[in-house]
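Trainee: Need coordinates for the below:
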Amino acid sequence: MVLRHEEITALIKSELEGFRKDLQVVDVGTVTEVGDGIAHVYGLQGAMAGELLEFDTAAGTGEKVYGMALNLDDVSVGAVLLGDDRKIAEGCLVRTTGRIAEVPVGEALLGRVVDALGKPLDGKGPVLTKEARHVEVKAPGVVLRQPVKEPLQTGLKAIDSMIPIGRGQRELIIGDRQTGKTAIALDTIINQKDGDVFCIYVAIGQKQSTIVQVVETLKRHNAIDRTIVVCTTAVDPAPLQYIAPYAGCVMGEYFRDSGRHALIIYDDLSKHAVAYRQLSLLLRRPPAREAYPGDIFNLHSRLLERAAKMSEAKGGGSLTALPIIETQAGDFAAYIPTNVISITDGQIYLEPDLFYSGVRPAVNVGLSVSRVGSSAQTKAMKKVAARLKLDLARYFELAAFAQFSTDLDKATKAELSRGERMIEVLKQDQCKPLELSQQVIIIYAGTNGYLDDLPPGRIREFEAQLLDVIRSRYPDVLSQIDSSKDLTEPIVERLKVAITEFKKGFKA
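Mentor: Coordinates of the predicted model:
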């Protein structure tokens with residue numbers, strides 16, 4: 001059959017109309033060196049900083065390993081590997097993906113244990129999220145924020161009374177190894193289980209056994225359902241330890257940007273700095289003080305600046321950060337501790353001597369500070385704890401001098417006696433945070449002299465029994481303090497009656 005000219009033209013046109021050409025441009029490079037979680041790649045002229053790179057494996061199985069571009073040099077790219085570097089060899093091909101490193105975000109992550117890339121580690125199946133966000137984003141500007149003024153209750157008397165934390169604040173927890181830093185963070189998470197704050201716990205380079213204990217503690221106290229655990233262990237490659245806090249931060253920003261409240265724990269940034277130092281030295285970045293690269297300050301500041309209390313126009317949500325720093329032999333003047341101290345809005349310093357003497361939480365009142373201060377306290381706590389920090393600081397000063405003198409005047413003895421009892425009042429068992437009203441009542445009893453004639457060893461017993469009596473006979477006192485957040489005259493009068501009546505029946 002011979003086709004006519006018109007028929008041939010129509011046939012060609014119909015074929016062309018159905019033709020669709022997808023042009024995909026991929027920048028390809030070659031691995032020149034690989035090892036210790038780092039790959040140097042020749043080529044990739046169009047790669048972006050922080051872009052995900054796709055590596056072919058040496059075995060030729062079609063399996064892919066992903067990395068992230070960090071160093072953009074003239075003819076090569078230095079990339080950190082987010083998988084097993086043993087699967088990659090010199091000569092393997094590398095491709096750009098056009099995607100900046102991102103992790104999944106959303107409510108589906110709550111109650112889950114995930115790695116630094118958002119992949120599940122708890123054996124509960126895939127995490128079904130609808131959104132993913134870049135791990136590196138710019139912190140909100142000043143215009144988009146509002147002052148920190150709403151309290152974030154930790155449930156710990158020593159902190160809520162003297163070193164208050166506000167929603168949107170960055171408060172450093174600093175101290176030597178095994179002084180209770182993680183315990184404070186866990187107590188704070190447990191205290192949010194019935195509130196409106198979602199929690200993210202980021203473990204950076206921790207032992208696997210430690211992370212398991214943390215997860216079990218949260219499960220035991222029914223706090224895991226409102227918590228995301230981002231986990232990198234000590235055996236994970238440095239790149240994953242480096243990216244973990246940023247991944248956790250973006251998961252918290254999801255709640256902040258939707259007008260809700262979130263709390264993030266970075267445990268700890270000392271190990272994060274060590275992981276970044278390792279990456280930087282392998283990437284041949286010039287070392288500076290203590291072999292850390294010059295941008296180590298920027299590394300932590302761009303992370304912690306993302307904690308914020310957003311303006312009402314932006315939903316009024318908040319992200320509160322509690323970074324942890326481990327010191328060596330109490331040296332908080334070292335490079336990394338001083339860096340993070342200067343970035344944050346205050347610090348809670350845990351002293352080993354106090355910890356070993358039984359004062360737990362072992363908060364050093366003199367070296368701990370909250371730069372937000374009473375702006376992040378309720379009226380009730382302000383009224384009962386206004387002078388508590390100064391009085392305790394003076395007590396420690398007097399106690400140091402009293403060791404060398406036996407002849408003390410009556411006023412000094414009374415001050416030492418009150419301080420000794422207030423130290424007992426501020427002691428608290430782990431994983432037993434208290435509600436605001438309970439804290440206010442026991443601190444009120446201590447600062448108003450109701451405990452002065454009790455032996456220090458009976459203070460904890462007095463506290464427990466007093467709260468039991470008030471719960472059973474005067475529940476209105478608790479409910480009024482919790483609802484009004486204030487200590488009005490009628491509440492004070494009722495509280496005086498309750499404490500006086502209970503004390504008559506309490507045998508010291």
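
Trainee: I'd like the distance between residue 110 and residue 79.
Mentor: Per C-beta to C-beta, to the nearest Å, residue 110 is found 32 Å from residue 79. For every residue, glycine as well, the C-beta is placed using N, CA and C.

Trainee: and those two? which has more neighbours close in?
Mentor: Neighbours were counted for residue 110 and for residue 79 using other C-beta atoms under 10 Å; residue 79 has more, 29 against 16.

Trainee: Return the set of residues that bridge with the more buried one.
Mentor: residue 39, residue 69 (DSSP bridges).

Trainee: Show me where the stretch 351-500 of the chain dips below the pLDDT cut-off.
Mentor: 405-406 (pLDDT under 70).

Trainee: can you give me the helices in it?
Mentor: Assigned by DSSP state H, counting those that start in this stretch, the helices in the stretch 351-500 of the chain fall at 352-356, 379-385, 388-402, 410-426, 436-447, 459-473, 475-484, 489-505.

Trainee: Of those, flag the one that's most buried.
Mentor: helix 436-447 (a mean of 24; mean count of other C-beta atoms under 10 Å).

Trainee: angle of it against helix 410-426?
Mentor: 160 degrees (axes from the mean of the first three to the mean of the last three C-alpha atoms, to 10 degrees).

Trainee: So what touches helix 436-447?
Mentor: 153, 155, 157, 160-161, 378, 380-381, 384-385, 387-388, 391, 418, 421-422, 425, 451, 463, 466-467, 470, 477-479, 481-482, 485, 487, 495, 499 (C-beta atoms under 8 Å, 6 or more residues apart in numbering).

Trainee: what about the strands in the stretch 251-400 of the chain?
Mentor: Applying DSSP state E, counting those that start in this stretch to the stretch 251-400 of the chain gives strands spanning 261-267, 308-309, 318-327, 346-350, 369-370.

Trainee: tell me the mean pLDDT over the third one?
Mentor: Taken as a whole, strand 318-327 has an average pLDDT of 98.

Trainee: So which elements touch it?
Mentor: strand 172-176, helix 181-190, helix 238-257, strand 261-267, helix 269-282, helix 296-304, strand 308-309, helix 335-343 (3 or more C-beta pairs under 8 Å, 6 or more residues apart in numbering; DSSP states H and E).

Trainee: Quick check: mean pLDDT of the last one?
Mentor: Averaging pLDDT along helix 335-343 yields 96.

Trainee: what about the strands in the stretch 51-200 of the chain?
Mentor: Under DSSP E, counting those that start in this stretch, the stretch 51-200 of the chain gives strands at 51-56, 64-72, 76-81, 93-100, 102-105, 113-114, 131-134, 172-176, 197-206.

Trainee: Now do the residue nearest to residue 296 when sequence neighbours are not counted, the pLDDT please.
Mentor: Leaving aside its chain neighbours, residue 296 sits nearest to residue 273 (5.9 Å; criterion: C-beta to C-beta, 6 or more residues apart in numbering). Reading off the confidence values, residue 273 has pLDDT 97.

Trainee: so of the helices and strands packed on strand 318-327, which one's packed in deepest?
Mentor: strand 261-267 (a mean of 28).

Trainee: Contacts for that strand next, please.
Mentor: Applying C-beta under 8 Å, 6+ apart, the contact partners of strand 261-267 are 152, 167, 181-182, 185, 188-189, 192, 196-204, 206, 245, 248-249, 252-253, 255-256, 272, 303, 307, 317-324.

Trainee: if we go to 6 Å?
Mentor: With C-beta atoms under 6 Å, 6 or more residues apart in numbering as the contact definition, strand 261-267 has outside contacts at 167, 182, 185, 196-203, 245, 248, 252, 255-256, 318-324.

Trainee: Paired strands for that strand, with orientation please.
Mentor: Sheet pairing of strand 261-267 (DSSP bridges) gives strand 197-206 (parallel), strand 318-327 (parallel).

Trainee: hang on, the earlier thing: closest one to residue 120 among the strands of the stretch 51-200 of the chain?
Mentor: Closest to residue 120 of the strands of the stretch 51-200 of the chain is strand 113-114 (C-beta to C-beta; 5.6 Å).

Trainee: what is the mean pLDDT for the closest one?
Mentor: Mean predicted lDDT for strand 113-114 stands at 97.

Trainee: What helices and strands are in contact with it?
Mentor: Counting contacts by 3 or more C-beta pairs under 6 Å, 6 or more residues apart in numbering; DSSP states H and E, strand 113-114 is packed against strand 227-233.

Trainee: Can you give me the distance of the residue nearest to residue 296 to residue 475?
Mentor: Following C-beta to C-beta, the distance that separates residue 273 from residue 475 is 49 Å.

Trainee: for residue 133, same thing?
Mentor: In this view, residue 133 and residue 475 are 45 Å apart by C-beta to C-beta.

Trainee: Equivalent analysis for residue 214, please.
Mentor: 34 Å.

Trainee: quick one: residue 46 from residue 303, how far?
Mentor: Distance from residue 46 to residue 303, by C-beta to C-beta: 28 Å.

Trainee: same question, residue 171
Mentor: Where residue 303 is concerned, residue 171 sits at a distance of 15 Å (C-beta to C-beta).

Trainee: mind checking which of the helices of the stretch 351-500 of the chain is nearest residue 177?
Mentor: helix 352-356 (9.0 Å).

Trainee: Which residues does the closest one contact?
Mentor: Applying C-beta under 6 Å, 6+ apart, the contact partners of helix 352-356 are 176, 179, 362.

Trainee: could you dump the strands of the stretch 251-400 of the chain to JSON lines with distance to residue 141?
Mentor: Converted to JSON lines, the strands of the stretch 251-400 of the chain look like this (distance: least, C-beta to C-beta, whole Å):
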{"stretch": "strand 261-267", "distance to residue 141": "19"}
{"stretch": "strand 308-309", "distance to residue 141": "10"}
{"stretch": "strand 318-327", "distance to residue 141": "15"}
{"stretch": "strand 346-350", "distance to residue 141": "22"}
{"stretch": "strand 369-370", "distance to residue 141": "24"}
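
Trainee: For residue 37, which of those strands is the nearest?
Mentor: strand 261-267 (20.7 Å).

Trainee: Show the pLDDT at the closest residue to residue 182 other than its chain neighbours.
Mentor: Counting by C-beta to C-beta, 6+ apart, residue 267 is the residue found nearest to residue 182 once chain neighbours are left out, at 5.8 Å. The model reports residue 267 with a pLDDT of 93.

Trainee: next one: residue 182
Mentor: The model's pLDDT for residue 182 equals 97.

Trainee: Roughly how far does it sit from residue 211?
Mentor: 10 Å.

Trainee: And residue 225, by the same measure?
Mentor: 18 Å.

Trainee: Give me the more crowded residue out of the two.
Mentor: Each of residue 225 and residue 211 has its neighbours counted (other C-beta under 10 Å); residue 211 has more, 20 against 10.

Trainee: roughly how far out does the helix or strand hosting the more buried one sit from the chain middle?
Mentor: According to DSSP states H and E, residue 211 maps onto helix 208-220. Remark: helix 208-220 is offset 16 Å from the chain centroid, using C-alpha atoms, centre = their mean, to the nearest Å.

Trainee: Tell me who's in contact with the spatially closest residue to residue 136 that is not a sequence neighbour.
Mentor: Ranked by C-beta to C-beta, 6+ apart and with sequence neighbours excluded, the top spatial neighbour of residue 136 is residue 50, at 5.5 Å. For residue 50, the contact set (C-beta under 6 Å, 6+ apart) comprises 100, 101, 136.

Trainee: Mind doing that once more with 10 Å?
Mentor: 68-70, 72, 99-102, 134-136, 243, 246 (C-beta atoms under 10 Å, 6 or more residues apart in numbering).
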